[in-house]
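In: got a sequence here, can you build the structure:
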Amino acid sequence: MNVEVYGTDWCPFCVAAERLLEARQIPYTRVAVEPEQLRKRVHELSGRLTIPLVVIDGTPVGGYQELAALDRSGGLRQLVPAAA
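Out: Numbering: from 1, shown residues only. Okay, the predicted model is just below:
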């Protein structure tokens, strides 16, 4: 299972997404999106220009709000069984 969070240090939604994953003890890789090439990659993956972008096993699940909704619905536990 591979979880990536594309974001920045200064984005409050990026920080919130990382905190949610940490609270659920889900390991993730943080990918900084400062350089233009990485912003382009976010757009290629999701069709969006906003951050954060959470990607689980190569599938974009959205930003913080989508991640939080997935967690509330129990869907995060289904995608990542280790989620507590």
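In: what is A32 paired to in the beta sheet?
Out: Counting by DSSP bridges, A32 forms beta bridges with G7.
In: let's number from 52 now, not from 1
Out: Okay, residue one is now 52; in that scheme the one you just asked about reads as A83.
In: does the residue nearest to the spatial centre of the chain count as helix, strand or coil?
Out: In the chain, the centroid-proximal residue (CA atoms, centre = their mean) is V105; its distance is 1.9 Å. Secondary structure assignment for V105 (DSSP: H, G, I helix; E, B strand; the rest coil): strand.
In: which ones are touching it?
Out: By CB atoms under 8 Å, 6 or more residues apart in numbering, V105 lies in contact with 54-57, 68, 72, 111-115, 117-118. Using the backbone N, CA and C atoms, a C-beta is placed for each residue, glycine as well.
In: the protein: helices as residue ranges?
Out: Applying DSSP state H to the chain gives helices spanning 63-74, 87-97, 115-124, 126-130.
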